[in-house]
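Student: Any chance you could fold what I've pasted below:
(2 chains)
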Amino acid sequence: MNLINLFLKSVFVDNMIFAYFLGMCSYLAVSKTVKTSAGLGLAVTFVLVVTVPVNYLINKYLLAPGALAWISPRFATVDLSFLTYILFIAIIAAIVQILEMIIETFTPSLHSALGIFLPLIAVNCAILGCSLFMQERGFDNVGQAAVFGLGSGIGWLLAITTIAAIREKLRYSKIPKGLQGVGISFIITGLMGIAFMAFMGIKL
Amino acid sequence: MNVKKLLIEPLRKTNPVTVLVLGICSCLAVTAKLKPALVMGASVTVVTALSNLIISLLRKGIPSRIRIIVQLVVVATLVILIDQFLKAFAYDVSKQLSVYVGLIITNCIIMGRLEAFALSHGPIESFLDGLGNGLGYSLILVIVAFFRELIGSGTLLGYQVVPQSFYDAGYQNNGLMILPPMALIVIGIVMWINNSKTEAK
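Tutor: From the prediction side, this is the model:
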């Protein structure tokens, strides 16, 4: 599979929010101003680029049926795939923790921009979802997994900054009382999803 | 201890989906048809109730610094059990739900209830609270799936509901309802109705 093709596909066609509804909780809770949502979007992209390739390697050399054959031929029939969820979530939580410490030590300016969002990300469904989709699609090598993570992250960033910009303007509109706040955000997201469906089926 | 309050309130007044806006992530993608929605609702209810019970039993022994990891491990274990159970007894539904079963782990309702309720209440109360919130979540799931399947495919649980004579007279299924964006719009409308009703009281 062509890498550029895969990247564009994961940004636009298989957009994490509009096609799969992943990461909706933080998407709705944080998208009040463009600045904070861009910060969260960057943090999600960053974590996805790191965790998806790592989980790819874990899946390839530990979890997939017959993956343990590299240790000894005797393990060739072992299937550990039932451990997927628990290992993936543990790895994501650990990586987020390590990333936070690294960023705090080496780039304090980046930490002050992303810092508050990093702990939130461990329980963001987009991160675990992306790893699970990666496992389901069975990419050929680590590079493809990394590009998939990058594309999904950028797609998520695009979606959250767009809705934040719309919500900033929405403050001046007259919305029916029961629909104010989250209700209208749902309907806007739905309409944006319909717009994004225009990309469906594009082959590059 | 007020059993009724714990069970009934999450259905309307403090509904986790429409009022607290938690757990939207995994719930919308499974509502194109009623059957996967029912299975998903039941799975989430079981996981919420049992994880609430387990964390509540363990709450005095968990150091608060590592409680998130402990909670994730308990929830992940329960989700693995559910996943294996579905694969064994309802394989086709499990295929339809695909990754969304795994995503129950990061469902905000579960983590939210563990943090807000189970860590500070007794086991039986926590179990009932989890059950109530799971049912509140399932209720919204079933409402959304009901309308999407009825309008989108003219069926309910796979059985034809819209009679053939309607189609002969020129009625057509609304294919848009099956597509993902309509789930968001339907839930927006459900929220609108719910909010207007609770405000009016």
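Student: Please determine how far B:Asn194 is located from B:Phe147.
Tutor: Here B:Asn194 is placed at a distance of 14 Å from B:Phe147 (CB to CB, to the nearest Å). Backbone N, C-alpha and C define where each C-beta goes, glycine included.
Student: tally of neighbours for the closest residue to B:Ile178 other than its chain neighbours?
Tutor: Using CB to CB, 6 or more residues apart in numbering or on different chains and skipping residues adjacent in sequence, the residue nearest B:Ile178 is B:Gly152, 4.3 Å away. B:Gly152: 19 surrounding residues under other CB atoms under 10 Å in any protein chain shown.
Student: returning to what we had before: quick one: which of B:Asn194 and B:Phe147 has more around it?
Tutor: B:Asn194 (20 against 17).
Student: B:Ala29 - that's part of a strand, no?
Tutor: No - applying DSSP: H, G, I helix; E, B strand; the rest coil, one finds B:Ala29 to be coil, outside a strand.
Student: from what I can see it touches A:Phe21, true?
Tutor: Yes - counting by CB atoms under 8 Å, A:Phe21 is a contact partner of B:Ala29 at 5.1 Å.
Student: Give me the common contacts of these two.
Tutor: Counting by CB atoms under 8 Å, 6 or more residues apart in numbering or on different chains, the common neighbours of B:Ala29 and A:Phe21 are B:Pro180, B:Ala183.
Student: Neighbour count for those two, which is higher?
Tutor: More neighbours surround A:Phe21 than the other of B:Ala29 and A:Phe21, with 28 against 22 (other CB under 10 Å).
Student: does the more buried one sit in a helix, a strand or a coil?
Tutor: Note that with three-state DSSP, the state of A:Phe21 is coil.
Student: Identify the residue nearest it in space, chain neighbours excluded?
Tutor: Nearest-residue entry for A:Phe21: B:Leu28, 4.4 Å, with adjacent residues in sequence omitted and distances by CB to CB, 6+ apart.
Student: Please list all residues in contact with the one you found.
Tutor: With CB under 8 Å, 6+ apart, B:Leu28 has these contacts: A:Phe21, A:Met24, B:Val144, B:Pro180, B:Ala183, B:Leu184, B:Ile187.
Student: A:Val54 in helix, strand or coil?
Tutor: helix.
Student: Return the set of buried residues in the longest helix anywhere in chain A.
Tutor: Identified as the longest helix of chain A according to DSSP state H is helix A:142-170. Neighbour counts over helix A:142-170 (16 or more other CB atoms under 10 Å in any protein chain shown) mark A:144-164, A:166-167 as buried.
Student: which residues does A:Thr84 contact?
Tutor: A:Asn59, A:Leu63, A:Leu132, A:Gln135, B:Gly102.
Student: Is it within a helix or a strand, and which one?
Tutor: Using DSSP states H and E, A:Thr84 falls within helix A:84-106.
Student: Please export the C-alpha coordinates of that helix as PDB.
Tutor: Taking Å, rounded to 0.1, in the frame of the first residue of the first chain, the C-alpha atoms of helix A:84-106 are listed here in PDB:
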ATOM      1  CA  THR A  84      -4.600  -7.700  23.200                       C
ATOM      2  CA  TYR A  85      -6.800  -5.300  25.100                       C
ATOM      3  CA  ILE A  86      -5.000  -5.500  28.400                       C
ATOM      4  CA  LEU A  87      -1.500  -5.200  26.800                       C
ATOM      5  CA  PHE A  88      -2.400  -2.400  24.500                       C
ATOM      6  CA  ILE A  89      -4.000  -0.300  27.200                       C
ATOM      7  CA  ALA A  90      -1.100  -0.900  29.600                       C
ATOM      8  CA  ILE A  91       1.400   0.100  26.900                       C
ATOM      9  CA  ILE A  92      -0.600   3.200  26.100                       C
ATOM     10  CA  ALA A  93      -0.800   4.300  29.700                       C
ATOM     11  CA  ALA A  94       2.900   3.600  30.200                       C
ATOM     12  CA  ILE A  95       4.000   5.500  27.000                       C
ATOM     13  CA  VAL A  96       1.900   8.500  27.900                       C
ATOM     14  CA  GLN A  97       3.500   8.600  31.400                       C
ATOM     15  CA  ILE A  98       7.000   8.300  29.900                       C
ATOM     16  CA  LEU A  99       6.300  10.900  27.200                       C
ATOM     17  CA  GLU A 100       5.100  13.300  29.800                       C
ATOM     18  CA  MET A 101       8.300  12.900  31.800                       C
ATOM     19  CA  ILE A 102      10.600  13.200  28.700                       C
ATOM     20  CA  ILE A 103       8.800  16.300  27.500                       C
ATOM     21  CA  GLU A 104       8.900  17.900  31.000                       C
ATOM     22  CA  THR A 105      12.600  17.400  31.200                       C
ATOM     23  CA  PHE A 106      13.800  18.400  27.700                       C
END
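Student: Go through it and flag the buried ones.
Tutor: A:84-89, A:92-93, A:95-96, A:99-100, A:103.
Student: would you list those residues in CSV and tack on pLDDT?
Tutor: Converted to CSV, the buried residues of helix A:84-106 look like this (pLDDT from 0 to 100):
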residue, pLDDT
A:Thr84, 81
A:Tyr85, 82
A:Ile86, 84
A:Leu87, 85
A:Phe88, 85
A:Ile89, 84
A:Ile92, 86
A:Ala93, 83
A:Ile95, 84
A:Val96, 83
A:Leu99, 78
A:Glu100, 79
A:Ile103, 78
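Student: quick check, nearest of those to B:Leu58?
Tutor: A:Ile86 (17.1 Å; CB to CB).
Student: Quick check: chain neighbours aside, which residue is closest to the closest one?
Tutor: B:Ala76 (4.2 Å).
Student: Now do the contacts for the one you found.
Tutor: A:Tyr85, A:Ile86, A:Ile89, A:Ala90, B:Ile105.
Student: State the distance from it to A:Ile121.
Tutor: 17 Å.
Student: next one: A:Thr77
Tutor: The value you get for A:Thr77 to A:Ile121, if CB to CB is used, is 37 Å.
Student: Which of the two has more residues huddled nearby?
Tutor: Shown here are A:Thr77 and A:Ile121; by other CB under 10 Å, A:Ile121 has more neighbours (25 against 10).
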